[in-house]
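> Take a look and give me a structure for this.
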Amino acid sequence: KIKLPKKIARRYPVYELYLYGEGHYAEENKNLLLTGIPVLFLPGNAGSYKQVRSLGSIALRKAEDVDFKYHFNFFSVNFNEELVALYGGSLQRQTKFVHECIKVILKLYKDREFAPSSVAIVGHSMGGLVARALLTLKNFKPGLINLLITQATPHVAPVMPLDRYLTNFYTAVNNHWILKAQDLRNLTTLSVAGGFRDYQVRSGLAFLPRLSQHDSALSVVSSAVPRAWASTDHLSIVWCKELILATIRAFFDLIDENTRQITEDPKKRMSVLKHHFVRHPAKIYEESPEAFTELSGPFMWITVKATKWTYSAYNDSDGKYFRFPLASHRKTYSHVYCENSMLDTNSWIYGCMNSNSSMCLEATDLSWKAELLPTTKVVILKLQDYPSLSHVVVQVPPTVGNKYTLACEFFKEDSRTVQLPVTHLFSFGLSSSKMLLNSSGLLYNVQLQHFHQIYQAFRIYIESHCQSLKERKPSVYRLHVPWSHEDSIIVAKVPSSTEISAKLHIAPPQNDSRVPELNIISSSSDCQYEVVLKTSLLQVLGQIIRFHAGALPAYVVSNILLTYGGQLSTLISTGQCSDFSLELVRTAKPYKVEPLISIFVFLQGFNWFREIWESLSLPEVDTAVLSSQDAWFPLVSLILFLFGTGIAYWSGIFFSTSLRLFSSLWLTLIRPPVLQKDKLITARRLCGVLPFALVSWTTCGAFAVFIIYLQYLFKLLTSLCMFLTTFFYFQDSDHSKETSQNSSTDTAKNQSSLDSSSEATQSLSNSTTVAEAVNCLKMHVTILHLFTWIVLLNLPSLIYWLKNLRYNVRLDPDPCRSTAIIIACILEILMNSSISEVKSSKLLKIAAKVPLPLSVAMLAFGRMHLYKVPHFVTFSLFLHVLCCVV
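Residues are numbered from 1 along each chain as shown. All right, here's what the predicted structure looks like:
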């Protein structure tokens, strides 16, 4: 633990700074006489500072390999595992603390021979966003950071926008990075996303905003990272060995030998990151590789004039140079392709610049143009780009005990590029697109036409057949997305049947006509491949959930609000409150809501309407924002609305069943108290609101909301028990009267007509009381159902407050402090109201019509701002309170 200045420690009592070490290295650095390169790790949402171990341990092993000529000091910040992805109130505090930590870290190196002037930062999840937010601080010097690597960080928008502090923080950070892009050119940023296995942060959110600087920012998906080629979940991206190795190798390649710190050259930093995270040529990184080389040594020179060539090397004692003349192939072919299954880091392919009749005198190393794949390294050269080359030379060094194969072929691009139109979304997997690749080649490019929307998802089946049954190396299938680094690679045995999922993380930029490609790198030229593509309905739904699951609470509450309005309408027309499930089926229809939102989005395309809209200070419709991000299409809202209807329906059944069950159990254990009918607004009830207001103001608004929710639930259970008691009492009373009438028939005949009329009136009064109680309970159950979602949406700030209660009793800032006081006043009145008061109200017609426009507004402005949803519900309940009074 690093001791912080007292002023900082008092200001941030919850946070701490640590230095990672192990073994002798830890013992040597206890006195903090540091001489390495500082790297600061920032954990994410509920993350531990101990997660730095994965980076620190591998870096230490790497430093031992170079005898500590260079080494890194890994620091880590303890954010007390705060839930910053759900509560944004502490993000600014974390950012300011990190700024102080950077200054403390740099002071540790003061007066050292190679003292650093900046710190490299690695941020996981929300830690990466905090690192980007440093640049928004007024007194922060951009030179304090020169390298930022983020792991599974949602840069574009929050996963769940549950409070305004979170969305405001995002807006401030992204706007700063867009507007100040020119000032950030000296900062190199790498964002690594986890891919489709990361169910918490979809990879599309981890791509840095496109409008920010392009030459100093890089975004990749882990499935496309060389030597990793795998998707990771949200936590394993921190300790995934392949990614950690790529990161540490990049760190060591970034060292400047003169300063013994990370290089100040932004071009070199980006070059190193692309080398390790985008395209690896299977060579150790060199900043300035030699332009020309001499091909010397006692190697045999062999000229190959064939267009296709394969060579298997095994226990060759003599080295060989295979020379391919280009002059005879330039007119017929456009490209040359070579592959090598020897996965070492030595040069192996050259371009001959000067040659005689038997050998090449001067050559350029083309190995830097190669690309490393899981089972081979490949080079594709466009002959037109190398007019000065006379030959391509492939080197086969002496091999002892090693067995590997090399192959080359000349081809025309048009003959190896085929177009496969994808199936339509509404084919539901019943139709397919098929293609047979039967040309004798080593490389095929299958262009997937019309594949450019994020909601498209396909299953690609590749069947491979070969003429001979000899042992072969596996084939490599790569789904290449040209506008982003999100490729996925699969290695398959031959012959075999392989299934590939084809989905996109982000949509293509505007005016980008490129399409995704399926690259097939064959194991042999005598193999044939059959490609079958089908739409996957389940994966289409998966894409919709992946991109829009965060908006589901708004759709659920919208359905419940429509049902609530329908219950008020039936109360006007029939005098009875309908059942929640039946009313949901009758009232919650998407055509009541979606057309209005679509009209608003359409009108916002006109300047005159946009000017009127902005003059009224109305926020932009969320659908328009999503459409601008290419993350929206018309049927998404319908599907989400149906999902919301289903969730509301089954949660309503579960809610009602649970209430009946608990009230029945309670009735068997405790005799319910007699509820006294009293005025709605009394001095006692007004005083009852004061404790909730006090709790909300002095502690946490969500805590006050939760307490009054429990009080309302207790009151409803008590009312339900009273109803059951009354209902059973009336049943027993009617049964005893029938028994009495059967035993004394003669006496009953002599009763007066006045007594008969009195009994009928009493019976009618009893049935009316039961009916009114049923209606009242149905309405209260719906209100409590709405209120349950308010509690759920405010729950994260309550959890955050409870977690930090030992440090601070008052949550500051509190996203629902004022809302909690309003809700307390409303529910204090509602829990004591009856249905008869609502039926006789002059405002009932207005209250019954308001839920529909509120549902429209909720879906228009609450999809990307879930914290607005409770406001719409609160307004509707406020009208209900007015109905009880007026």
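> Please count neighbours and contacts with C-alpha atoms only from this point.
OK.
> I figured residue 854 hits residue 872, correct?
Yes - between residue 854 and residue 872 a contact is recorded at 6.1 Å, counting by CA atoms under 8 Å.
> elements contacting the helix or strand encompassing residue 520?
Assigned by DSSP states H and E, residue 520 belongs to strand 517-521. Helices and strands touching strand 517-521, by 3 or more CA pairs under 8 Å, 6 or more residues apart in numbering; DSSP states H and E, are strand 443-449, strand 475-480.
> can you state the direction angle for the first one and strand 517-521?
On the basis of axes from the mean of the first three to the mean of the last three CA atoms, to 10 degrees, strand 443-449 is oriented at 160 degrees to strand 517-521.
> which helices and strands does strand 443-449 pack with?
helix 413-416, strand 417-421, strand 517-521.
> Average pLDDT for the first one, rounded please.
Per-region confidence: helix 413-416 scores 90 on mean pLDDT.
> Please identify the deepest-packed of the helices and strands packed on strand 443-449.
Of all the helices and strands packed on strand 443-449, strand 517-521 has the most neighbours on average by mean count of other CA atoms under 10 Å, namely a mean of 21.
> What strands flank that strand, and is each parallel or antiparallel?
If you go by DSSP bridges, strand 517-521 pairs up with strand 443-449 (antiparallel), strand 475-480 (antiparallel).
> can you put those in TSV and add mean neighbour count and mean pLDDT?
Listed next are the strands paired with strand 517-521 as TSV, based on neighbours: other CA atoms under 10 Å; pLDDT from 0 to 100:
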stretch	mean neighbour count	mean pLDDT
strand 443-449	20	94
strand 475-480	21	94
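> how far out from the middle of the chain is stretch 789-809?
For stretch 789-809, the distance from its own C-alpha centre to the chain's C-alpha centre is 23 Å (CA atoms, centre = their mean, to the nearest Å).
> just to revisit the earlier point, so the strand holding residue 520 versus strand 417-421, what angle?
130 degrees.
> pLDDT (mean, whole number) over strand 517-521?
Per-residue pLDDT over strand 517-521 has a mean of 94.
> Report all helices and strands that the helix or strand just after it contacts.
Where DSSP H and E defines the elements, the next helix or strand beyond strand 517-521 is strand 527-535. Applying 3+ CA pairs under 8 Å, 6+ apart, one finds that strand 527-535 contacts strand 432-437, strand 457-466.
> Check which element follows strand 527-535 along the chain.
Strand 527-535 is succeeded, C-terminally, by helix 537-548 (DSSP H and E).
> and after that next one, which helix or strand comes next?
Following helix 537-548 in sequence order, the next helix or strand is helix 552-574 (DSSP H and E).
> my guess is residue 823 contacts residue 706, does it?
No - counting by CA under 8 Å, residue 823 does not reach residue 706; the two are 10.6 Å apart.
> more crowded one of these two?
Neighbour comparison, residue 823 and residue 706: the larger count goes to residue 823, with 26 against 20 (by other CA atoms under 10 Å).
> Report pLDDT for that one.
90.
> With residue 306 instead?
The predicted local confidence for residue 306 is 91.
> I'd assumed residue 195 was in a helix, is it?
No - judged by DSSP: H, G, I helix; E, B strand; the rest coil, residue 195 forms no part of a helix; its state is coil.
> Quick one: neighbours of the closest residue to it other than its chain neighbours, just the number.
Leaving aside its chain neighbours, residue 195 sits nearest to residue 231 (5.0 Å; criterion: CA to CA, 6 or more residues apart in numbering). Counted with other CA under 10 Å, the neighbours of residue 231 add up to 21.
> and if you look at residue 625?
Here the number of neighbours of residue 625 (other CA under 10 Å) works out to 14.
> Can you verify it is assigned to a helix?
Yes - secondary structure of residue 625 (three-state DSSP): part of a helix.
> returning to what we had before: distance to residue 162 added to the helices and strands packed on strand 517-521, as TSV?
Compiled in TSV, those are given as follows (distance: least, CA to CA, whole Å):
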stretch	distance to residue 162
strand 443-449	38
strand 475-480	36
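> quick one: the strand holding residue 520 to strand 527-535, angle?
160 degrees.
> chain center to strand 517-521: distance?
28 Å.
> contact partners of it?
442-448, 475-482 (CA atoms under 8 Å, 6 or more residues apart in numbering).
> again with stretch 47-60
Contact with stretch 47-60 is made by 18, 20-22, 41-43, 71-82, 238-239, 244-245, 248, as judged by CA under 8 Å, 6+ apart.
> what is the rounded mean pLDDT of that stretch?
On average, the pLDDT along stretch 47-60 is 95.
> can you offset everything so residue one is 658?
With 658 as the first residue, the last one maps to stretch 704-717.
> what distance separates the start and the end of it?
23 Å (CA to CA, to the nearest Å).
> Over to stretch 1455-1473?
Taking CA to CA, stretch 1455-1473 runs 10 Å from one end to the other.
> Now it: average pLDDT?
Mean pLDDT, stretch 1455-1473: 90.
> cool, and stretch 803-819?
Here stretch 803-819 scores 94 as its mean pLDDT.
> pLDDT at the nearest residue to residue 1087 once chain neighbours are set aside, what is it?
Computed as CA to CA, 6+ apart, the closest residue to residue 1087 that is not its neighbour in sequence is residue 1191, at 7.6 Å. For residue 1191, the pLDDT comes out at 95.
> who does residue 1191 bridge with?
For residue 1191, the beta-bridge partners under DSSP bridges are residue 1089, residue 1116.
> just to revisit the earlier point, now the buried members of the contacts of stretch 704-717.
675, 677-678, 698-700, 728-739, 895-896, 901-902, 905 (16 or more other CA atoms under 10 Å).
> These in helices, which ones?
When the buried ones among the contacts of stretch 704-717 are checked against helices (DSSP state H), the matches are 895-896, 901-902, 905.
> which one of those residues is nearest residue 839?
Checking those against residue 839 with CA to CA, the nearest one is residue 905 at 28.3 Å.
> give the contact list for the closest one.
Here residue 905 is in contact with 712, 715-716, 719 (criterion: CA under 8 Å, 6+ apart).
> how close does it get to residue 678?
Look at residue 905 and residue 678: by CA to CA, they are 16 Å apart.
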